[in-house]
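Asker: Next come a sequence and a model predicted from it.
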Amino acid sequence: MARPRPLLAGNWKMHGTRGSLGEIAALRDAVTAGRTRGTDVLVCPPFTLVMAAAELCAGTGLTIGGQDCDPQPSGAATGDVSAEMLRDAGAGAVIVGHSERRANHGETDETVRAKAEAAARAGLMAVLCVGETRAEHDRGETLRVIGRQIDESVPPGARAAGLALAYEPVWAIGTGLVPSPEAIGEVHAFMRRRLASLLGPEGAGVRLLYGGSVKPDNAAEVMGIADVDGVLVGGASLTADEFLAIVEAKR
Ligand code: PGA
């Protein structure tokens, strides 16, 4: 089976106000000019910017996404935003199960699966995050943890076009630490096999991203690892220049 098309995804986390929309416009212009040719590009700003960003990017190759969604389409859930609302605002994707949500908001694998199912229901691609903590890593439990997270949070009927699976070791996020290429390769090969047993042939087309301290200077090495189909970038996605340097590093 042909390798899936690479995906470069940016997660702005709780950063950005209207003044940051210029970065999205600059990125859109670079995408339109062909600087990211051959690669899908996604940026996930905070909810408050999703609609304005999506309007700036409508009809271009730059997709805007949310960073989380509620499992329900609507309801008594003060402060939450549904997948349908994101879709209505112009989003094409949503991150689910980020470790900051799992840790700070008590999200379980079951919650994450319900969110991934909501994304599919609303026609959004889910960027589903998995990853072990430092303690789990040090105990040698990485593959066991990732296996459990995949089994319990990937919806059984998921389609390749509607899902990307991001391996984000919690200890590598925002720390400047990155696992060795061999370690990333081992986890990605494991994720590929696990998805194949869960989803059958569809599993081969799901894009596998690596995330955690990806910067312009390590992006080419990370993207060169077998079974790495893209990256999920936090801090280095906040400016168009740095994010584009990552896109261009991999080519
Ligand atoms: P980082 O974040 O690139 O700033 O380490 C990645 C993420 O949390 O998605």
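Answerer: Everything's here; your move.

Asker: Strands of the stretch 51-200 of the chain, start to end?
Answerer: For the stretch 51-200 of the chain, the strands defined by DSSP state E, counting those that start in this stretch occupy 62-66, 93-96, 125-130, 163-167.

Asker: any chance of the ones you listed in TSV, plus mean pLDDT?
Answerer: Shown next, in TSV, are the strands of the stretch 51-200 of the chain (pLDDT from 0 to 100):
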stretch	mean pLDDT
strand 62-66	98
strand 93-96	99
strand 125-130	98
strand 163-167	98
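
Asker: Next, count neighbours for the residue of the chain found nearest the ligand.
Answerer: Of all residues in the chain, residue 234 sits closest to the ligand, at 2.3 Å by CB to the nearest ligand atom. Bear in mind the C-beta positions are built from the backbone N, C-alpha and C, glycine included. Neighbour count for residue 234, taken as other CB atoms under 10 Å: 20.

Asker: so what's it closest to, chain neighbours aside?
Answerer: Nearest residue to residue 234 in three dimensions, chain neighbours excluded: residue 11, at 5.1 Å (CB to CB, 6 or more residues apart in numbering).

Asker: For the one you found, give me its contacts.
Answerer: Contact partners of residue 11, counting by CB atoms under 8 Å, 6 or more residues apart in numbering, are 44, 67, 95, 98, 211, 232-234, 237.

Asker: Could you rerun that using 10 Å?
Answerer: 42-45, 65, 67, 95, 98, 100, 127, 129, 166, 168, 173, 211, 232-235, 237-238 (CB atoms under 10 Å, 6 or more residues apart in numbering).

Asker: Which of the residues you listed fall in helices?
Answerer: Members of the contacts of residue 11 lying in helices (criterion: DSSP state H): residue 100.

Asker: Name the nearest residue to residue 171, sequence neighbours excluded.
Answerer: Residue 171 sits nearest to residue 134 (CB to CB, 6+ apart), 3.9 Å away.

Asker: actually residue 232, sorry about that
Answerer: residue 211 (3.3 Å).

Asker: Correct me if wrong: that neighbour contacts residue 131.
Answerer: Yes - the pair residue 211 and residue 131 qualifies as a contact (CB atoms under 10 Å) at a distance of 7.9 Å.
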